[in-house]
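Undergrad: pasting a predicted model and its sequence here:
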Amino acid sequence: MGLLKETLDNIQTSDKAIVKKAWERIDNLTKPIGSLGTLEEIAVKMAGITGNLNNEINKKNIIIMCGDNGVVEEGVSTCPQNITAIVTNNFTKNITGVCVLAQQVNADLTIVDIGVKDDFNNPKIINRKVAYGTKNMVKGPAMSREEAVKCIEVGIETVDKLVKEGYDLFGTGEMGIGNTTTSAAVLSVLLGLDSDIVVGKGSGLTEEQYKHKKKIVKKAININNPNKNDMLDVVSKVGGFDIAGLCGCFLGAAKNRVPIVIDGLIASAAALCAYRMNPLVKEYIFPSHLSAEPGAIYAMKELGLEPMLNLKMRLGEGSGCPLAFNIIESALYTINNMATFEEAQLHRKHYVDIR
């Protein structure tokens, strides 16, 4: 608990003075004011995060938290539970969706076993196992409060270590059969929404299986009765090790003043958990795409963030992050290299302002 408290206490707001200067520079570039839209907002937000007017990314890393979920016993997924271990191992072979997309943008992966129901003899998988999967949340809490804190601190420690290694842009990924179920439960409680609204089909359920999944989420919430005003109570009772670990990644990034990107539904639930622990976390988060899972849009609205892309993706793994990395780096490169009106010997009156 010491690291978590220290992290929460050391998260500061972004640099508002630099934000003001960044807008002044951007508005003086040879274009109509506001004409680069979200790219301008990204560049300004990055300035606030780093405290520097001009920024470029040196090293990128997608952290993938892998863990199993006891609720799989209830038939909420079409995939057998051992798929979690198989795909976790496959991340090290550079053959999964996120691997290929990360390679394309020269991003590294950090694969963390935070609670897979199997053991690995693979040096590329970091063993931070809290337990061999969570408990079945329809029979009681998914994990203890202490385990939830431990998972969050694993996320913080992971970011702390990578920042020391020079990484300055992070993505968030996960692997865990059943984690769209736990994410829907967490979002339902934290947002005060009926679980039917936020439960999606995950890995491709039939209509009958989909109805069953909704019932399971509702049952888990009713049995555990988590306190929506106590994030640790929520994530320990109806969450997952991966969600808690990623929550720690968001907190760690904010503490270290480095940008971090949300992937899909599970990462969105984790970001909301971090935001509930310290709202300043939002100032360090960039959303990537809008997941096709229904709960994602509600998480984005609560966070007040607008996804950069809508590609109807729902793979998870962190697969949306490399796409966002491309956009972030494009925004920074554009702002750093465009000429000002003075440099281009142009007069602002020739441009129509649109912001």
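TA: Perfect, I can see it now. Not measured: the values here are computed from a predicted model.
Undergrad: what sits against the closest residue to residue 243 other than its chain neighbours?
TA: Distances taken as Cβ to Cβ, 6 or more residues apart in numbering put residue 270 closest to residue 243, at 4.9 Å, once the chain neighbours are dropped. No exception for glycine: its C-beta is placed from N, CA and C like everyone else's. Applying Cβ atoms under 8 Å, 6 or more residues apart in numbering to residue 270 gives the contacts 172, 242, 243, 244, 245, 246, 247, 249, 250.
Undergrad: now pLDDT, distance to residue 125 and secondary structure too, for the residues you listed, in JSON lines please.
TA: Below are the contacts of residue 270 laid out as JSON lines (pLDDT from 0 to 100; distance: Cβ to Cβ, whole Å; DSSP: H, G, I helix; E, B strand; the rest coil):
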{"residue": "172", "pLDDT": "98", "distance to residue 125": "17", "secondary structure": "strand"}
{"residue": "242", "pLDDT": "98", "distance to residue 125": "14", "secondary structure": "helix"}
{"residue": "243", "pLDDT": "98", "distance to residue 125": "19", "secondary structure": "helix"}
{"residue": "244", "pLDDT": "98", "distance to residue 125": "18", "secondary structure": "helix"}
{"residue": "245", "pLDDT": "98", "distance to residue 125": "14", "secondary structure": "helix"}
{"residue": "246", "pLDDT": "98", "distance to residue 125": "17", "secondary structure": "helix"}
{"residue": "247", "pLDDT": "98", "distance to residue 125": "21", "secondary structure": "helix"}
{"residue": "249", "pLDDT": "99", "distance to residue 125": "17", "secondary structure": "helix"}
{"residue": "250", "pLDDT": "99", "distance to residue 125": "22", "secondary structure": "helix"}
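Undergrad: may I ask you to confirm that residue 65 belongs to a strand?
TA: Yes: per DSSP: H, G, I helix; E, B strand; the rest coil, residue 65 lies within a strand segment.
Undergrad: ok, how many other residues are close to it?
TA: When counting by other Cβ atoms under 10 Å, one arrives at 35 neighbours for residue 65.
Undergrad: you'd agree it is up against residue 159?
TA: No: with contact defined as Cβ atoms under 8 Å, residue 65 and residue 159 do not form a contacting pair (11.6 Å).
Undergrad: shared neighbours of those two, anything?
TA: The contact sets of residue 65 and residue 159 overlap at residue 249 (Cβ under 8 Å, 6+ apart).
Undergrad: which one's the longest helix in this structure?
TA: Longest helix of the chain, by residue count under DSSP state H: helix 145-164.
Undergrad: list the buried residues for it?
TA: For helix 145-164, a neighbour-count test (16 or more other Cβ atoms under 10 Å) marks 147-160, 162-163 as buried.
Undergrad: for that helix, what is the distance to the chain centroid?
TA: Here helix 145-164 is found 14 Å from its chain centre; the criterion is Cα atoms, centre = their mean, to the nearest Å.
Undergrad: that helix packs against which elements?
TA: helix 2-9, strand 60-67, strand 108-115, helix 231-238, helix 241-255 (3 or more Cβ pairs under 8 Å, 6 or more residues apart in numbering; DSSP states H and E).
Undergrad: could you rerun that using 6 Å?
TA: Under the contact criterion of 3 or more Cβ pairs under 6 Å, 6 or more residues apart in numbering; DSSP states H and E, helix 145-164 touches helix 2-9, helix 231-238, helix 241-255.
Undergrad: report the angle between it and helix 241-255.
TA: With axes from the mean of the first three to the mean of the last three Cα atoms, to 10 degrees as the basis, helix 145-164 and helix 241-255 are set at 50 degrees to each other.
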